[in-house]
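Asker: sequence and predicted structure below; questions after.
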Amino acid sequence: MHCHYFESQQCRSCQWLDSPYEQQLAKKETSLAQLLSSYSPPLFLPSVSSPQSSFRNKAKMVVLGNTDRPLLGILTPKGKPISLCDCPLYPEDMQLLLHKLEAWLSTLHIAPYDVKRRSGELKYLLLNRNEQGVYMLRLVVRSTDAIPTIKNALPILLANQPLIQTVSVNIQALHAAILEGPEEHILHGEHFLCQTLNGIPLYQRPKGFFQTNPLIAAQLYAAAASWLADLKINVIWDLFCGSGGFGLHCITAERSLIGIEIEPEAIACASRSAQELGIASRVSFRALDSANFTEHRGDSASTVNLTASPDVVIVNPPRRGLGQALCQDLANINAPYILYSSCNPQSLAKDLAELEQYRIHQVQIFDMFPNTAHYEVLVLLVNSNNAP
């Protein structure tokens, strides 16, 4: 992939872009092998590679420049604001829309936020795209003062860009590098954007998380379902379930599913998918803290009594991993299988040290983030004491 931003050293986010892609994958495989060497893993399944360009479905743009000419992009290493609307990570239609949004912002005459001066209003523009080219647009602002101006300007934007399905404004009042705040105002359209992967509708609300590389996410979810297909599984627990991607892929007519996720908006999305798929009677999604949900610890206000022991626990934690306390809970639960999807192999390795009764049965890299050091890894763990 050629990128003039990288080649001119204006943006170095894709820090491995000057390395051949085959070498990038080999480097990731070597790194993972070293991290897992003490756990006697089997041979890795072939790594799942990503397209080098046009794969990303979400743009997170800082609003820079000035009131009359706002730019969607970043500051260069020398501190100059530049537009990143032509970033080749985005599909061409998304690049074109970013340019048009940049031009539309100039008609609002809302000052971009200046971090050093702690002045201005408009902080970020967030744009999500689904596989049909439908968009969700979010503007992050410092206060509600800008909302009337944005509302008044929306009819012209939407008349020219009918594929923008949802528009919202998020209020982030803090003088800090925080992407969004707790307050969200829907100004137009649906509260959900549907992303269909492998025929399964997965919904995203404005503040919800969704994988930014849908092609690799679809293969990741399909692999999870395939790995569990022939195992004797009746009850699935899905921790850090988000909008339900793993659990909804792995459930069958013979299985039940409990999904746990701290974010209520994600639970609303997962529940909507279950209803649409006609499986709501066998699925329960609950807005609880995955790190503190079992009856083994915590106060009664934050726990739930899960009466049916799981045959598999699916975990997809944030970068910090599961942590010692949750690993101890999982050891006590003693499920026959754990399916662990990790975006941080270092924390995965630490967690495996805590899960002493489990051994690695399968492992595979899914290169969700090409041209960077980051990747997703899927591991199937088998309980040496309790597997059928």
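Answerer: That came through fine.
Asker: so what's the closest residue to residue 144 other than its chain neighbours up against?
Answerer: Distances taken as Cβ to Cβ, 6 or more residues apart in numbering put residue 171 closest to residue 144, at 6.2 Å, once the chain neighbours are dropped. (C-beta placed from N, C-alpha, C; glycine too.) Neighbouring residues of residue 171 by Cβ atoms under 8 Å, 6 or more residues apart in numbering: 140-144, 181-185.
Asker: contact partners for residue 41?
Answerer: Each residue near residue 41 by Cβ under 8 Å, 6+ apart is listed here: 33, 360, 363.
Asker: again, only this time at 6 Å
Answerer: 360, 363 (Cβ atoms under 6 Å, 6 or more residues apart in numbering).
Asker: that one belongs to a strand?
Answerer: No - assessed by DSSP: H, G, I helix; E, B strand; the rest coil, residue 41 does not belong to a strand; its assignment is coil.
Asker: hmm, back to that, which one of the contacts of residue 171 is nearest residue 59?
Answerer: residue 140 (12.8 Å; Cβ to Cβ).
Asker: for the closest one, grab the count of nearby residues.
Answerer: By other Cβ atoms under 10 Å, 24 other residues sit near residue 140.
Asker: what lies in contact with the helix or strand harbouring it?
Answerer: Using DSSP states H and E, residue 140 sits within strand 135-141. For strand 135-141, contacts defined as Cβ under 6 Å, 6+ apart pick out 121-129, 163-164, 166-170, 172, 180, 193, 206.
Asker: paired strands for that strand, with orientation please.
Answerer: strand 122-129 (antiparallel), strand 164-171 (parallel) (DSSP bridges).
Asker: and that strand, what's its mean pLDDT?
Answerer: What strand 135-141 shows for mean pLDDT is 97.
Asker: what sits closest to residue 129 if chain neighbours are left out?
Answerer: With Cβ to Cβ, 6+ apart, the residue lying closest to residue 129 is residue 57, at 4.7 Å.
Asker: which residues does stretch 254-266 contact?
Answerer: So stretch 254-266 is in contact with 205, 207-208, 233-239, 241-244, 247, 251, 267, 270, 282-290, 293, going by Cβ under 6 Å, 6+ apart.
Asker: now stretch 65-75
Answerer: 61, 63-64, 81-85, 98, 102, 105-106, 109, 111-112, 125.
Asker: pull out the buried positions in that stretch.
Answerer: Within stretch 65-75, the residues that count as buried by 16 or more other Cβ atoms under 10 Å are 65, 70-74.
Asker: now tabulate these in a markdown table and tack on pLDDT.
Answerer: Listed next are the buried residues of stretch 65-75 as a markdown table, based on pLDDT from 0 to 100:
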| residue | pLDDT |
| --- | --- |
| 65 | 93 |
| 70 | 96 |
| 71 | 96 |
| 72 | 97 |
| 73 | 93 |
| 74 | 89 |
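Asker: quick check: end-to-end length of stretch 101-119?
Answerer: 22 Å (Cα to Cα, to the nearest Å).
Asker: quick one: average pLDDT of that stretch?
Answerer: Stretch 101-119 comes out at a mean pLDDT of 94.
Asker: ranges for the strands of the stretch 251-388 of the chain?
Answerer: 256-261, 283-287, 312-315, 337-342, 358-366, 376-383 (DSSP state E, counting those that start in this stretch).
Asker: what's the closest of those strands to residue 40?
Answerer: Between these, strand 358-366 lies closest to residue 40; by Cβ to Cβ that is 7.2 Å.
Asker: list the pairing partners of the helix or strand of the chain with the lowest mean pLDDT within its sheet, with orientation.
Answerer: None of the helices or strands of the chain scores lower by mean pLDDT, DSSP states H and E than strand 283-287, at a mean of 90. Taking DSSP bridges as the criterion, strand 283-287 forms sheet pairs with strand 256-261 (parallel).
Asker: counting neighbours, what do you get for residue 37?
Answerer: Neighbours of residue 37 (other Cβ under 10 Å): 10.
Asker: can you list the buried residues in the helix or strand in which residue 99 is found?
Answerer: If you go by DSSP H and E, residue 99 is part of helix 92-108. By neighbour count with 16+ other Cβ under 10 Å, helix 92-108 contains the buried residues 94-95, 97-98, 101-102, 104-105, 108.
Asker: quick one on the thing from earlier: find out how far the strand holding residue 140 is from the centre of the chain, if you would.
Answerer: With Cα atoms, centre = their mean, to the nearest Å as the basis, strand 135-141 stands 17 Å off its chain's centre.
Asker: over to stretch 234-246?
Answerer: That offset, for stretch 234-246, works out to 15 Å (Cα atoms, centre = their mean).
Asker: out of the buried residues of stretch 65-75, which is nearest to residue 330?
Answerer: Once Cβ to Cβ is applied, the member of the buried residues of stretch 65-75 that ends up nearest residue 330 is residue 74, at 39.8 Å.
Asker: and the closest one, bridged to which residues?
Answerer: residue 82.
Asker: how near is it to residue 34?
Answerer: In this view, residue 74 and residue 34 are 33 Å apart by Cβ to Cβ, to the nearest Å.
Asker: just residue 84 next, same as before
Answerer: From residue 84 to residue 34 the distance is 34 Å (Cβ to Cβ).
Asker: more neighbours, those two?
Answerer: Using other Cβ under 10 Å as the criterion, residue 84 and residue 34 rank with residue 84 on top: 22 against 11.
Asker: what sits against residue 214?
Answerer: Per Cβ under 6 Å, 6+ apart, neighbours of residue 214: residue 57.
Asker: so what pLDDT did it get?
Answerer: 96.
Asker: right, and residue 343 touches residue 377 too?
Answerer: No - using Cβ atoms under 6 Å, residue 343 is not in contact with residue 377; the gap is 8.2 Å.
Asker: identify the residue spatially nearest to residue 382, adjacent ones excluded.
Answerer: residue 361 (4.5 Å).
Asker: so that neighbour makes contact with residue 380?
Answerer: Yes - counting by Cβ under 6 Å, residue 380 is a contact partner of residue 361 at 4.6 Å.
Asker: please say which of those two ends up with more neighbours.
Answerer: residue 380 (21 against 17).
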